[in-house]
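Undergrad: Sequence plus predicted model, see below.
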Amino acid sequence: MRRMALINRRTVLRGGLAGLGAAYALPRAGSTAFAHGSRLFTLGVASGDPGARSVVIWTRLAPDPLLPDGGMTPQPVPVRWEIARDAGMRHVVGRGTTMATPASAHTVHVTVDGLDPDRWYYYRFFARGEDSPIGRTRTFPAPHDACSRMRFGLVSCQDFQNGFYSAYANLAAEDLDFIVHVGDYIYEDGARAGAVRQVVGGETMTLADYRVRHAEHKLDPALQAAHAAFPFIATFDDHEVEDNYAGAISVDAVDPALFLQRRAAAYQAYFEHLPLREAQQPSGAAMQLFRRLRFGKLAAFHVLDTRQYRTDQPCGDGFKPACAGALSPAATMTGAEQEAWLQSGLDSSQATWNVLAQQVMFTKWNLGRAAGLGVPVFNMDAWDGYVAPRQRLLDFLAARTPANPVILSGDIHSAWAANILENFDDPAAGIVAAEFVATSITSDFPVALVPAVQVTLPDNPHIRYFDGLHHGYVRCEVTPQLWRSDYRGVDSILTPVSPVSTLASFVVQAGLSGISAA
Ligand code: FE
Ligand code: CA
């Protein structure tokens, strides 16, 4: 999403908060003052993409994490790992050794197999006589397990410079099974003068740049705590590469061949730093990120990639009246292959809840009244810029009726809940899905825009909730009968730790259409 700056709130905040960043300065290159006290495992541990029998565990060796090579010499280093049933690491059920190599920035991705379904585990790593922090992870229930309950957190958009990860500090303390991250894990822009806390360097362009930027984010103790507490299911959006890129098209009108080199570097660094499976290892500028995970019979997660294959934003991008390009049947958000994969996966799904974990807002949102142009206006980077492929999916949901579709989104730095209509041009049309949009962990939503958005809501009666004043996450609790989404907001991102509270709650009854206030 382009920054929607009517006024530059940051300018105001930065001035008054110059001292805060210094008071909570993260370790800089050369420092060894990390929470765990490790000189090697400075970026913590993580796990991800659980199956019923396996899970990925992750770490990186980085004694000097803000250097492109992490402070490592260019030799492979053996890393031992072990996984246990207890937090004391006494009942070890698996162990092994893998190599951390300079080709992957001395990151380690181990797919641990042979585990029991639906069980918590604890894991750690050893290298050069040091041990890592202990992480906690879990497997998902077996495919035919009916499952009584699943709880997870939905997050997106963690602009490091705009504030502290107080949302993650609270998330790490929640009673959850996993976390779904729908993109903007890093931001590519360079250091901003007066930011709450500054990144090192300018706009990320090279593999070295992206590695340093990922490492800098991973130094945050609250983000480390969330990764150590739960497995993540992650997919990227635009800022992991560049703001609002589309396929091979940069917003800066550079040669697509050159941009694909940058994209390859960004995808490589993203893979290196997220707990993804080997199937997601990029090959050049291509990365197989769309994939499916099953939480027993309770839920199928259809994880989408709406950046890599999309056609360019129509109408010149931004917030615009719909031009012909927004309605073009040649437009695509997912590419044809992923679209077919999604439809066949929905058709064959046995799950009670079919979750589309994806990036940009799916619901129609006409913001014409706020734009004051006397005509409907839409966000061209979201599904509103891709009306034909959205309608194909809506038609599919109406015709094939996969069980209980729920769409999870981020990107817009504000919280939303919406009923997804079979035909958005007919307010009486049937509801075919629910959408829950998480606000940002830290990324900015200009406060001056909040009343402007509120003015548009009567024109969009299927949108049931909007909040643009808070940062936080959505906590979801799902049973075979009921989906509940709690919108959790922190008081402040200007301090590392801040209280969290529930701002609103919505439920969806299985077998019934539509969201209602809890
Ligand atoms: Fe964002
Ligand atoms: Ca985004």
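TA: It's in. In this text the structure is predicted, and so the values were computed from the model without any measurement. Ligands and ions are numbered 1, 2, ... in the order given.

Undergrad: pretty sure residue 396 is in a strand, no?
TA: No. Read with DSSP: H, G, I helix; E, B strand; the rest coil, residue 396 is helix and lies in no strand.

Undergrad: so how far is residue 407 from the residue nearest to it when sequence neighbours are not counted?
TA: Nearest non-adjacent residue to residue 396, counting by CB to CB, 6 or more residues apart in numbering: residue 343, 5.6 Å away. Any C-beta I mention is one placed from the backbone N, CA and C, and that applies to glycine too. Taking CB to CB, to the nearest Å as the measure, residue 343 falls 15 Å from residue 407.

Undergrad: who has more neighbours, those two?
TA: residue 407 (23 against 16; other CB atoms under 10 Å).

Undergrad: list the contacts for the more buried one?
TA: For residue 407, the contacting residues are 355, 356, 358, 362, 420, 433, 434, 435, 436, by CB atoms under 8 Å, 6 or more residues apart in numbering.

Undergrad: Any chance of a markdown table for those, columns distance to residue 236 and secondary structure?
TA: Listed next are those as a markdown table, based on distance: CB to CB, whole Å; DSSP: H, G, I helix; E, B strand; the rest coil:
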| residue | distance to residue 236 | secondary structure |
| --- | --- | --- |
| 355 | 18 | strand |
| 356 | 16 | strand |
| 358 | 11 | coil |
| 362 | 17 | coil |
| 420 | 23 | strand |
| 433 | 23 | strand |
| 434 | 24 | strand |
| 435 | 20 | strand |
| 436 | 19 | strand |
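
Undergrad: Can you name the residues of the stretch 51-200 of the chain sitting close to ligand 2?
TA: Neighbours of ligand 2 within the stretch 51-200 of the chain, by CB under 5 Å from the ion: residue 184.

Undergrad: circling back: out of the contacts of residue 407, which comes closest to residue 182?
TA: Of all these, residue 358 has the smallest distance to residue 182: 6.4 Å, by CB to CB.

Undergrad: Could you find the closest non-adjacent residue to the closest one?
TA: residue 304 (3.9 Å).

Undergrad: how many neighbours does that neighbour have?
TA: Counted by other CB under 10 Å, the residues lying close to residue 304 total 24.

Undergrad: Helix or strand for the residue nearest to residue 396, just tell me which one.
TA: Assigned by DSSP states H and E, residue 343 belongs to helix 336-348.

Undergrad: in that helix, what's buried?
TA: Within helix 336-348, the residues that qualify as buried by neighbour count (16 or more other CB atoms under 10 Å) are 338, 339, 341, 342, 343, 345, 346.

Undergrad: Next: stretch 206-220.
TA: Residues of stretch 206-220 classed as buried: 207-220 (neighbour count, 16+ other CB under 10 Å).

Undergrad: now those residues as CSV including secondary structure, pLDDT and distance to residue 322?
TA: Below are those laid out as CSV (DSSP: H, G, I helix; E, B strand; the rest coil; pLDDT from 0 to 100; distance: CB to CB, whole Å):
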residue, secondary structure, pLDDT, distance to residue 322
207, helix, 98, 38
208, helix, 98, 41
209, helix, 98, 37
210, helix, 98, 35
211, helix, 98, 40
212, helix, 98, 40
213, helix, 98, 35
214, helix, 98, 37
215, helix, 98, 42
216, helix, 97, 39
217, helix, 97, 36
218, helix, 97, 40
219, coil, 97, 43
220, coil, 98, 40
